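Asker: test case, fold it:
(one chain, ligands or ions: 1)
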Amino acid sequence: MPNQVSTMISKSDFLLYCEAPRHLWAKKHECIDQQISDFVQHLIDDGNKVEGIAFEYLSTIFIPQHPGDQLLWQQTYSDGPYNARMDALVHKVRSDKYDLYEIKSSTGVDKDIVYDVTFQAVILGKHFSIDHFYVLHLNKVYIRSGELDLSSLFVAEDISEKVNATRSEVLHLREEALRVAQLVDSEEVEACLSPKDCPCPEICHPNLPEFSIYDIPYLSKPRKRELLGQGILEAKDIPLSFDLNDKQRLVAERARTNTEHVDKSSLGAELDRLQYPLWFLDYETCISALPMYDGYHPQQQIVFQYSLHRLDQPEGSLQHFSHIAVTTGDPSLSLYLIIAQAASKASYNLIFFL
Ligand code: SF4
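Answerer: Below is the predicted model of the structure:
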């Protein structure tokens, strides 16, 4: 563990703090799992591609439409211990004001993006007079036809009002982030009570049992704290006297008695509604921020593999159909055709495994 902790809070540090304060502490103290899954790497690569295309759009289409304006690309600014690299700043020379364009590969703006832009806004306010804060995201109704049409691919959403409404909160949060980053002991930083895909489980839950109180459905934070206060971490140790609703009690009881619960009558009622032949469909998709083929919009799932079983009668034997597309073209076309042909041979019920 390093002796000296960096006192700078970057934009990604700040967002990590917003995700969970302990994650920022763990990053600054080099105790975080830095491994990147293939899927996350794919998202990063996709984001980089969108960034490249956005630069092309801003520099070759947007700026020429606004003569005299200047594009400042990926400049870094700081305000004391806080810094951020801004995606794109447009200097409106005539008014000597600036607009910020934050580039996102999403098709909309969520709360996290507002915090992200507000963190930058607070820093930028120390350097420039900013007119508007835009998120340049992908246009969800754009459908590709031929080459990417850059002027239709992006939407510049003005979130200035939201940014201004979030400023004071972000000012407070960034100070908290700085304080947390400099703490020596992780115990002083509150852990979340929803451990999931934990990047630093050895800090929060070094001995998390396989079935813990966090697996009890919809158990509120105060109730989790109550159990933790009693030294109870395993679901099986929740006392019978502890107030739980019916579903929670059912789960706790199964943990306590180490048994499974199968609601046979509900399952039976569902299965009785089905008519033969039954079809069982499983399929795989991939997703691309930029539409790869004609007819697709941004962030659309692309089906490339399916597995289909057919059962004609109870106790009958299963017939299996499957296909994986190996092509550089749109893989879903051949799949749709094969599934449609198979399914059109009979009236059917499809059961999807997602
Ligand atoms: S419990 Fe898991 S998800 Fe929550 S702060 Fe700790 S490591 Fe992060």
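
Asker: can you tell me how far residue 124 sits from the ligand?
Answerer: 30 Å (C-beta to the nearest ligand atom, to the nearest Å). In this view, the C-beta of every residue, glycine as well, is placed from N, C-alpha and C.

Asker: quick one, phi/psi of the closest residue to that residue other than its chain neighbours?
Answerer: The shortest distance from residue 124 to any non-neighbouring residue, by C-beta to C-beta, 6 or more residues apart in numbering, is to residue 130 (5.5 Å). Backbone torsions for residue 130, taken as degrees, to the nearest 10, come to phi -100, psi 130.

Asker: tell me, how many residues neighbour residue 130?
Answerer: Counted by other C-beta atoms under 10 Å, the residues lying close to residue 130 total 17.

Asker: do you know the pLDDT at the closest residue to the ligand within the stretch 201-350 of the chain?
Answerer: Closest contact between the stretch 201-350 of the chain and the ligand, by C-beta to the nearest ligand atom, is at residue 204 (3.1 Å). Per-residue pLDDT puts residue 204 at 88.

Asker: ok so, going back, show me what contacts the residue nearest to residue 124?
Answerer: 97, 98, 99, 100, 121, 124 (C-beta atoms under 8 Å, 6 or more residues apart in numbering).

Asker: remind me what the lengthiest helix in the chain packs against, helices and strands.
Answerer: Counting by DSSP state H, the longest helix found in the chain is helix 160-182. Under the contact definition 3 or more C-beta pairs under 8 Å, 6 or more residues apart in numbering; DSSP states H and E, helix 160-182 sits against strand 9-10, helix 11-19, helix 21-28, helix 111-124, strand 130-138.

Asker: the second one - contacts with which helices or strands?
Answerer: With contacts defined as 3+ C-beta pairs under 8 Å, 6+ apart, the packing partners of helix 11-19 are helix 21-28, strand 82-92, helix 111-124, helix 160-182.

Asker: any chance of these in CSV, plus distance to residue 242?
Answerer: Formatted as CSV, these follow (distance: least, C-beta to C-beta, whole Å):
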stretch, distance to residue 242
helix 21-28, 27
strand 82-92, 44
helix 111-124, 34
helix 160-182, 32
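
Asker: which stretch among these comes nearest residue 49?
Answerer: strand 82-92 (14.1 Å; C-beta to C-beta).

Asker: using CSV, list the CA coordinates for the closest one.
Answerer: Extracted in CSV, the C-alpha atoms of strand 82-92 (Å, rounded to 0.1, in the frame of the first residue of the first chain):
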residue,chain,number,x,y,z
TYR,A,82,-9.7,18.8,-9.2
ASN,A,83,-9.1,18.3,-12.8
ALA,A,84,-10.8,17.0,-15.9
ARG,A,85,-10.2,16.5,-19.6
MET,A,86,-13.0,18.2,-21.5
ASP,A,87,-14.1,16.3,-24.7
ALA,A,88,-14.9,19.4,-26.8
LEU,A,89,-15.1,23.1,-26.1
VAL,A,90,-16.4,25.4,-28.7
HIS,A,91,-15.0,29.0,-28.4
LYS,A,92,-17.6,31.4,-29.8
